[in-house]
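*Asks:* could you look at this predicted model? Sequence included:
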Amino acid sequence: MSSTPSNDPGLGPTVMGLTWTFTSMAVIIVAFRFRVRRKVVRLVTADDWIMLIALICQLVYQACATVSYSYGLGRHVGDLSQDQFLNTIKWAWITFTPGTAVSVIARISIAILLVKLFGTKPWLKWFFIVFTVIQTMLGIAMIIAIWAQCRPVEAIWNWALAPTAKCLNPDIQLYISLTTQVAYAVSDLTFVLFPTVIIWKLHMPFHRKISLLALMAASFFTMAAALVKVSVSLNASASITDTTYNAGHIQIWTCIEQDMVIMMGCLPPLRAIMQMESPIIRSISTTLPSLINWPTEITTRNTSHSRSGNRNHSKNYDPENRLTKQLSQATRSRSGSSHKGGSD
């Protein structure tokens with residue numbers, strides 16, 4: 001550390017630019033989710049409010065990361081004073097609590113939504129429930145491990161207190177964190193893959209299958225962000241020579257993963273956005289089909305229907321209930337077929 005700090009910003013501006021961009025996108029998408037719920041479905045449910053709590057935690061996380069940046073997050077250790085270094089690391093550690101809360105709470109919201117949609121599949125329903133409970137327990141364990149690893153707590157970021165502090169083996173916190181991140185990555189994949197496989201078997205238009213593939217691609221990106229975060233964390237823990245600079249890399253991937261989970265969890269409820277009585281939305285809903293060769297007569301009929309002022313359709317439109325009914329009908333149909341086959 002330098003007694004005459006340099007003005008080199010290092011990775012800091014990149015950290016702030018990327019993290020605030022993704023967080024702003026998450027805010028916009030959650031706002032759209034609530035608008036769609038109120039204007040189209042006319043019902044705000046538990047999973048919506050839980051996702052809002054996750055977004056609030058993300059904003060708290062972003063605020064803490066910004067404070068850390070003001071002291072020197074993303075800058076090289078040699079360019080910081082002693083006070084800047086300690087405050088940078090301190091606030092970087094503080095971000096772990098709201099950050100973990102975001103990852104856990106957002107996935108709880110997603111699990112509640114998926115249980116509502118796929119409750120007719122007992123094995124899938126219980127997979128969502130059990131895996132979400134495991135993730136939640138791991139998240140709580142990680143927060144406890146972080147703040148219980150040293151006494152006094154200040155010794156976590158102030159290494160000058162290490163000789164007199166009582167600290168647990170740092171590998172305990174590291175292994176819990178890595179296990180939690182792997183669990184996040186698995187859920188990001190399976191929570192989209194399993195429903196996609198089931199829905200793909202239903203009779204549906206080709207454009208909806210394309211939408212499912214796009215959703216799968218987004219889930220792969222979220223999973224990749226979680227895995228990259230694991231890799232970056234391992235590299236940072238192995239090298240303590242430039243802690244504040246390495247912390248910038250960790251914050252980037254942590255924020256991207258958290259915001260992507262929030263945005264991914266909002267995509268299914270946003271399906272109803274095409275039913276909103278808005279000239280812009282109506283224009284999009286009539287333009288997109290022509291770009292991907294949807295049947296134009298269906299598009300025209302849907303557009304004229306929305307212009308006719310029939311608000312009863314808008315009030316009763318709920319894509320989640322619609323999908324649940326389709327799954328129930330498909331399940332009963334297969335059960336009936338197998339029963340007839342057994343009788344014959």
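*Replies:* All right, it came through fine.
*Asks:* CA only for contacts and neighbour counts going forward, please
*Replies:* Noted.
*Asks:* Leu43 reaches Arg37, doesn't it?
*Replies:* Yes. Judged on C-alpha atoms under 8 Å, Leu43 makes contact with Arg37 at a distance of 5.6 Å.
*Asks:* quick one, which of the two is more surrounded?
*Replies:* Neighbours per residue (other C-alpha atoms under 10 Å) separate Leu43 from Arg37, with Arg37 holding more: 20 against 14.
*Asks:* how close does the more buried one get to Pro170?
*Replies:* The gap separating Arg37 from Pro170 is 45 Å, by C-alpha to C-alpha, to the nearest Å.
*Asks:* give the buried residues for stretch 56-76.
*Replies:* By 16 or more other C-alpha atoms under 10 Å, the buried positions in stretch 56-76 come out as 56-62, 64-69, 71-76.
*Asks:* for Val44, phi and psi?
*Replies:* phi -100, psi 120 (degrees, to the nearest 10).
*Asks:* residues near it, how many?
*Replies:* 14.
*Asks:* wait, it touches Arg37, no?
*Replies:* Yes. Contact criterion C-alpha under 8 Å: Val44 and Arg37 qualify, at 5.8 Å.
*Asks:* any idea how far stretch 197-216 is from the chain center?
*Replies:* 21 Å (C-alpha atoms, centre = their mean, to the nearest Å).
*Asks:* actually, stretch 111-125.
*Replies:* Offset of stretch 111-125 from its chain centre (C-alpha atoms, centre = their mean): 19 Å.
*Asks:* do stretch 224-237 as well
*Replies:* 17 Å.
*Asks:* gap between Lys201 and Gly119?
*Replies:* As defined by C-alpha to C-alpha, Lys201 lies at a distance of 17 Å from Gly119.
*Asks:* the more surrounded of those two?
*Replies:* Gly119 (16 against 10).
*Asks:* helix or strand for that one, which one?
*Replies:* In this structure, Gly119 sits in neither a helix nor a strand according to DSSP states H and E.
*Asks:* model confidence score at it, please.
*Replies:* On pLDDT, Gly119 comes in at 82.
*Asks:* who are the contact partners of the nearest residue to it once chain neighbours are set aside?
*Replies:* Among residues not flanking Gly119 along the chain, Lys125 sits closest, at 5.5 Å (C-alpha to C-alpha, 6 or more residues apart in numbering). Shown in contact with Lys125 (C-alpha atoms under 8 Å, 6 or more residues apart in numbering): 114-115, 118-119.
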